[in-house]
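**Student:** give me a model of this one.
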Amino acid sequence: MKRMAGTAVAAALGDDSIGLEARVGSDDHMALKLWLRLLACSTQIETEIRKRLRARFGITLSRFDYLAQLHRHPEGLRMNALSRYLMVTGGSITGLTDELEKEGLVVREAAAEDRRAFLLRLTPQGRKTFEQIAATHEGWLIELFGDIAPAERKTLYELLGRMRVTVMARQAHTPQDEAA
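**Tutor:** From the prediction side, this is the model:
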């Protein structure tokens, strides 16, 4: 598939597939259009990855993300830290941990410094399973971004990084009462 120019992109995003971007009008600010396009892209990619993970591996994106965090922290993570990383409740972590522990992918150990807290680690089987899934996952992302030239991907990555820095700076200067 060839890369699309701006007007071709607009034509390809017809009313039936435009989704979140349908909320903008021609007179809306470019910032609003950009935000909705980013949201739409993120949602589309996430939906496709969820579908593929379920079909290929019988795993949810939540489980994949859980395993990914433990893979990044081979020394293990406390349950509350994992909860913060995944931005989910402690109850969600407990439920996933129970399931993954039964499957032999995760081990839960009492933390040495605090016996009330638990440290979570991947088992060798969990590490092997995650690495197999992650390799396929990476291939899917390469495929999904495949029609964007490498230089354009790099530029997009850098621009999104600048956007994150800008948003973080604005958040740091926003009083709590304004944020609500």
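**Student:** low pLDDT regions in the chain?
**Tutor:** Across the chain, the ranges flagged by pLDDT under 70 are 1-27, 176-180.
**Student:** the helices in it, which residues?
**Tutor:** 6-12, 30-57, 61-72, 79-86, 90-102, 124-144, 150-172, 176-179 (DSSP state H).
**Student:** output the contacting helices and strands for the fifth one.
**Tutor:** Using 3 or more C-beta pairs under 8 Å, 6 or more residues apart in numbering; DSSP states H and E as the contact test, the elements touching helix 90-102 are helix 61-72, helix 79-86, strand 106-111. Where you see a C-beta, it was placed from the backbone N, CA and C, and this is true even at glycine.
**Student:** figure out which of the ones you listed is closest to residue 52.
**Tutor:** With distances scored as C-beta to C-beta, the stretch of the helices and strands packed on helix 90-102 nearest to residue 52 is helix 61-72 (9.8 Å).
**Student:** between the closest one and helix 30-57, how big is the angle?
**Tutor:** Orientation check (axes from the mean of the first three to the mean of the last three C-alpha atoms, to 10 degrees): helix 61-72 against helix 30-57 gives 90 degrees.
**Student:** so which elements touch helix 61-72?
**Tutor:** helix 30-57, helix 79-86, helix 90-102, strand 114-122, helix 124-144.
**Student:** give me the buried positions along the second one.
**Tutor:** Under the neighbour-count criterion of 16 or more other C-beta atoms under 10 Å, helix 79-86 has 79, 81-83, 85-86 buried.
**Student:** gap between it and the chain center?
**Tutor:** On the basis of C-alpha atoms, centre = their mean, to the nearest Å, helix 79-86 is displaced by 15 Å from the centre of the chain it belongs to.
**Student:** what's the answer for stretch 138-156, then?
**Tutor:** Stretch 138-156 has its C-alpha centroid displaced from the chain centroid by 16 Å (C-alpha atoms, centre = their mean).
**Student:** and stretch 97-111, by the same measure?
**Tutor:** Counting by C-alpha atoms, centre = their mean, stretch 97-111 comes out at 23 Å from the chain centroid.
**Student:** need the residues that contact that stretch.
**Tutor:** Stretch 97-111 is contacted by residues 63, 66-67, 70, 76, 78-79, 117-123, 125-126, 129-130 when judged by C-beta atoms under 8 Å, 6 or more residues apart in numbering.
**Student:** same list (the helices of the chain) but as a markdown table, adding distance to residue 112.
**Tutor:** Formatted as a markdown table, those follow (distance: least, C-beta to C-beta, whole Å):
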| stretch | distance to residue 112 |
| --- | --- |
| helix 6-12 | 55 |
| helix 30-57 | 34 |
| helix 61-72 | 18 |
| helix 79-86 | 15 |
| helix 90-102 | 19 |
| helix 124-144 | 21 |
| helix 150-172 | 34 |
| helix 176-179 | 37 |
